[in-house]
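> here is my input, please return the structure:
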Amino acid sequence: MADALDPVIHAPARLRVVATLAALDAGDELSFPKLQKLLGMTAGNLSTHLRKLEDAGYVRVTKTHEGRTPATYLALAPQGRRAFEDYTEALTGLLRGAGS
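Below is the predicted model of the structure:
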């Protein structure tokens, strides 16, 4: 059952990112600085974990400009939402002793 835990999500920092984005309604976005503040992560650390999640298709990153200032918005992609649901289901089963 432990191998059912998605290794992309299972890393603690990425789990926090995905759980935070999963709390948003589907289609809603969060700005990079807001997510960084919520999680108390450095910009570099958050960027590294977001890249891994984006490469897996779990997070959608939208880069735009507000006036002349660059802005980055983040959302959980449908594939990421499904992966998080599968992850929480597998973790719940593991905690309940399923498969042991």
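> give me the number of residues near residue 59?
A count of neighbours around residue 59, defined by other C-beta atoms under 10 Å, yields 22. C-beta coordinates here come from the backbone N, C-alpha and C atoms, glycine included.
> now do the phi/psi pair for it.
Per-residue torsions, residue 59: phi -120, psi 140 (degrees, to the nearest 10).
> how far away is it from residue 17?
Plainly put, residue 59 is 7 Å away from residue 17 if you go by C-beta to C-beta, to the nearest Å.
> give me the common contacts of the two.
50, 53 (C-beta atoms under 8 Å, 6 or more residues apart in numbering).
> find the centremost residue of the protein, please.
residue 18 (2.3 Å; C-alpha atoms, centre = their mean).
> which secondary structure element contains that residue?
helix 12-22 (DSSP states H and E).
> quick one: mean pLDDT for that helix?
Helix 12-22 shows a mean pLDDT of 97.
> got it, and stretch 28-35?
Mean predicted confidence for stretch 28-35 is 97.
> what average pLDDT does the longest helix that the chain contains get?
Secondary structure of the chain per DSSP state H: the longest helix is helix 78-95. Here helix 78-95 scores 94 as its mean pLDDT.
> output it as PDB, nothing but the C-alphas.
Output in PDB follows, covering the C-alpha atoms of helix 78-95 (Å, rounded to 0.1, in the frame of the first residue of the first chain):
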ATOM      1  CA  PRO A  78      -7.500  18.500 -13.000                       C
ATOM      2  CA  GLN A  79      -4.800  15.800 -13.100                       C
ATOM      3  CA  GLY A  80      -3.300  17.200  -9.900                       C
ATOM      4  CA  ARG A  81      -6.600  17.300  -8.100                       C
ATOM      5  CA  ARG A  82      -7.200  13.600  -9.100                       C
ATOM      6  CA  ALA A  83      -3.700  12.600  -8.000                       C
ATOM      7  CA  PHE A  84      -4.300  14.400  -4.600                       C
ATOM      8  CA  GLU A  85      -7.600  12.600  -4.200                       C
ATOM      9  CA  ASP A  86      -5.900   9.200  -5.000                       C
ATOM     10  CA  TYR A  87      -3.100  10.100  -2.600                       C
ATOM     11  CA  THR A  88      -5.400  11.000   0.300                       C
ATOM     12  CA  GLU A  89      -7.400   7.800  -0.300                       C
ATOM     13  CA  ALA A  90      -4.200   5.700  -0.300                       C
ATOM     14  CA  LEU A  91      -2.900   7.400   2.800                       C
ATOM     15  CA  THR A  92      -6.300   6.900   4.600                       C
ATOM     16  CA  GLY A  93      -6.200   3.200   3.700                       C
ATOM     17  CA  LEU A  94      -2.600   2.900   4.900                       C
ATOM     18  CA  LEU A  95      -3.500   4.600   8.200                       C
END
